[in-house]
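Undergrad: Can you look at this prediction? I've put the sequence above it.
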Protein chains: 2
Amino acid sequence: MKILVIEDDASTGAYIAEGLREEGHSVDLIANGADGLVQATIGTYDVMVVDRMLPGLDGMSLVKTLRATKNATPVLFLTSLGGVDDRIEGLQAGGDDYLVKPFVFGELSARIAAIGRRPRTQGDPTSLKAADLEMDLLHRKVTRAGQVIDLLPREFALLEHLMRRKGRVQTRTMLMEAVWDIHYDPLTNVVDTHISRLRGKVDKPFATELIETVRGSGYRIREG
Amino acid sequence: MKILVIEDDASTGAYIAEGLREEGHSVDLIANGADGLVQATIGTYDVMVVDRMLPGLDGMSLVKTLRATKNATPVLFLTSLGGVDDRIEGLQAGGDDYLVKPFVFGELSARIAAIGRRPRTQGDPTSLKAADLEMDLLHRKVTRAGQVIDLLPREFALLEHLMRRKGRVQTRTMLMEAVWDIHYDPLTNVVDTHISRLRGKVDKPFATELIETVRGSGYRIREG
DNA sequence: CTTCGATGACCAGGATTTTCATGGCTTCCC
DNA sequence: GGGAAGCCATGAAAATCCTGGTCATCGAAG
C-alpha cells in the first residue's frame, strides 16, 4: 500500500514511517503542511496519515483543501487533542478516521488496514459526471439530460479520458498516447475527427457545449 | 440511510436509535446477537452499529460470521472496553470503525456519516473472479494468473455473462438471448464458435480449464 | 458406433476507424 | 484593414477490424 505520512515531529514521523515500511508499505514522509498538500496532489496514495497540528498549513485545512479538489484519498488524522469536539470536527472535514496520541503502533496499523480495505471506488469511480452529462463506466452507458447516447468504443474511450480529467486541457499528443497508444507523431488528425464525431453526439443535440477547444493546445471538458 | 443497531442495553439503544432517526435515518433496533445476525442477513443496510458485548452471540462473532458470507456492510463497533488490544481486534474482525462508551452522540453521528459516505460497490461488482481468472469490468481488462488477456467485445460479453453466473449451466439458447439478443433459433453454431475462440484465449494457454462443457445442455464456468 | 461437441479455416458483410481533402475561422503582423 | 499562416472542423472515401455464417474434420461421451 502507498502511504503518505504528514507529521512534523521528527521522531513520531520516523516511528510511523519505519513501522509501516516494515509491514511492507511504501511510505513517503513529509514534515509540513504545505509540502504535504503538494505531495498529496501530485502523488497517488492509498491512505494518508495526517497530523492535525502542523507548522504552516494545519492538517484540517490541508484535508479540506484536498477534498475540495475532489481528491478522496482516505485520511487518518493524528492528534494530541483528545476533546470530543475536535474529533468530530476532523471527521467532518473529510477525515476517515481519527487516532489520539499517544497511540500504540498496532492500532495505527489496524486502522490503516481497515481504511485501506474499503472498496476503492475512490480513485476509480464507476461513473463520471460533468454538468448533465453522465458516463456509467460499468454498463458503458452515456446519458445527457436523461437521454441515452450511443458511443462507439473509441468515442467512449476518448470521452472517458477527457471526463476523468475534466477541466484540464488534454493535448492531441496526450490523447493519442492515452486513447490510441500511439507514442510518435503519426501526422494525422484522428483526434480531431473523433472529437468532431463525439461533438455530433454529445454536444450538438444539446444546448450547451461541454467539449471545449483550447486553441493551440487541445481539448477540455467544461467543469460541471 | 438505513441503519441497523444491535445493542442489548435498552436505554443506550433507544438513545442511539432516536438520535439517528431525528437525523432522518431509518433505524432498526435489535437487542441480541442472534436476531441481529438474522436481521443483518435478510435486510439491506447502509451501516450497522454493533455493541461488542451482546447476550448470546457477541458482536465480534456476529461480524465475523457476516463477513464470511461476503456481506460487506460497514460496521461501527460500540464498546465499553477501552483497551487498545480490544480495539485492534475489532478492526481486524472486519469492523470499519470503533467507538468507546461513553460517547457523545455527535461523534457517533459523524462517524456514521464518514462510514456511510463510502461508495457502495455492493450490488454491482466492478470485477468478477473465478479461480485465477479475473475480469475488471471497469477497465474491460481480463487477466488470468497475472497475464493480461485481450478479448474482442463479443468475447468479453460472453465471458462476462458466464462469469456472472459461474457454476450455473447456460444453454446456448440462454446465451444467444443474453449475449446476442437473438430470440429465435438461427440454426447456427455462433455460440460454439465463440466459446471456442474464448477457450483459445482464456483456457488453452493455462493449466486448468475454466469453461466447461455440459454435454447436452450448454456451458458453465467452473466455480473458483 | 452414434451423436454431440470442438476446432480451424475461410469468407462476406457490416461496423468501425483512419486517412485525406477541403474550407472556415483566428491570430498575428504589417 | 488586408493578408498570410496556422489551427480546426467536417464530410467522404479508404482501410481495417469484427462478426456471423458455413463447412469439414476430429475427438470424446454415451
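TA: All right, it came through fine. Residues are numbered from 1 along each chain as shown, chains lettered A, B, ... in the order given.

Undergrad: need the next SSE after the helix or strand of chain A with the lowest mean pLDDT, C-terminal direction.
TA: Taking mean pLDDT, DSSP states H and E as the measure, chain A has helix A:84-92 as its least confident helix or strand, at a mean of 61. Using DSSP states H and E, the helix or strand that follows helix A:84-92 in sequence is strand A:97-100.

Undergrad: can you pull the buried residues of the helix or strand following that following strand?
TA: Counting by DSSP H and E, the next helix or strand C-terminal to strand A:97-100 is helix A:105-116. Burial within helix A:105-116, assessed by neighbour count using 16 or more other CB atoms under 10 Å in any protein chain shown, is assigned to A:107-112, A:114-116. In short, each C-beta sits where N, CA and C put it, glycine included.

Undergrad: Ok, stretch A:57-66 next?
TA: For stretch A:57-66, burial by neighbour count (16+ other CB under 10 Å) applies to A:57, A:59-60, A:62-63, A:65-66.

Undergrad: Identify the residue nearest A:Arg21 in space, chain neighbours excluded?
TA: Of all residues not flanking A:Arg21 in the chain, A:Val27 sits nearest, at 5.3 Å (CB to CB, 6 or more residues apart in numbering or on different chains).

Undergrad: Can you give me the end-to-end span of stretch A:96-107?
TA: 15 Å (CA to CA, to the nearest Å).

Undergrad: Please tell me how far it is from the chain's geometric centre.
TA: 25 Å (CA atoms, centre = their mean, to the nearest Å).

Undergrad: Indicate whether that stretch makes contact with chain B.
TA: Yes: using CB under 8 Å from any CB of the partner chain, stretch A:96-107 reaches chain B at A:96-97, A:103-104, A:106-107.

Undergrad: A:Glu155 touches A:Arg199, doesn't it?
TA: No: applying CB atoms under 8 Å as the test, A:Glu155 and A:Arg199 come out as separate, 10.3 Å apart.

Undergrad: Please identify which of these two sits among more neighbours.
TA: A:Glu155 (20 against 16; other CB atoms under 10 Å in any protein chain shown).

Undergrad: Which residues are in contact with that one?
TA: Going by CB atoms under 8 Å, 6 or more residues apart in numbering or on different chains, A:Glu155 touches A:194, A:197-198, A:201.

Undergrad: What strands flank the helix or strand hosting the residue nearest to A:Arg21, and is each parallel or antiparallel?
TA: Per DSSP H and E: A:Val27 is located in strand A:26-30. Neighbouring strands of strand A:26-30 in its sheet, by DSSP bridges, are strand A:2-6 (parallel).

Undergrad: DNA strand C contacts on chain A?
TA: A:152-155, A:180, A:186, A:188-190, A:193-194, A:215 (CB under 7 Å from any atom of the strand).

Undergrad: Pull the most distant pair out of those.
TA: A:Pro153 and A:Arg215 (28.4 Å; CB to CB).

Undergrad: can you pull out the strands in chain A?
TA: Taking DSSP state E to define them, one finds strands in chain A at A:2-6, A:26-30, A:47-51, A:75-79, A:97-100, A:127-130, A:133-136, A:141-144, A:147-149, A:170-171, A:211-214, A:218-221.

Undergrad: just these: most buried one?
TA: strand A:47-51 (a mean of 27; mean count of other CB atoms under 10 Å in any protein chain shown).

Undergrad: Got the domain ranges for chain A?
TA: What automatic domain parsing lists as the domains of chain A is A:2-116, A:127-221.

Undergrad: Least confident of those, on average?
TA: Note on the domains of chain A: domain A:2-116 shows the lowest mean pLDDT, a mean of 82.

Undergrad: Now for the residue nearest to A:Arg21: which residues touch it?
TA: Applying CB under 8 Å, 6+ apart to A:Val27 gives the contacts A:3-5, A:16-17, A:20-21.

Undergrad: Same question for A:Asp192.
TA: Listed by CB under 8 Å, 6+ apart, the contact set of A:Asp192 reads A:Arg172.

Undergrad: redo that, cut-off 10 Å
TA: By CB atoms under 10 Å, 6 or more residues apart in numbering or on different chains, the contact set of A:Asp192 is A:172, A:213, A:219.

Undergrad: And for A:Arg197?
TA: Applying CB under 10 Å, 6+ apart, the residues contacting A:Arg197 are A:151-152, A:154-155, A:158.

Undergrad: same thing but 7 Å
TA: Neighbour list for A:Arg197: A:Glu155 [criterion: CB atoms under 7 Å, 6 or more residues apart in numbering or on different chains].

Undergrad: That one and A:Gly24: what is the separation?
TA: To A:Gly24, A:Arg197 is 47 Å away according to CB to CB, to the nearest Å.

Undergrad: Out of the domains of chain A, which gets nearest to B:Met53?
TA: Taking those one by one with CB to CB, domain A:2-116 is closest: 19.8 Å.

Undergrad: Give me the distance between A:Val142 and B:Ala157.
TA: For A:Val142, the distance to B:Ala157 - CB to CB - is 18 Å.

Undergrad: before we move on, what about A:Thr69?
TA: 37 Å.

Undergrad: Tell me how far the residue most central in space within chain A lies from A:Leu62.
TA: The centre of chain A sits closest to A:Asn71, judged by CA atoms, centre = their mean, with a distance of 3.9 Å. According to CB to CB, A:Asn71 stands 11 Å off from A:Leu62.
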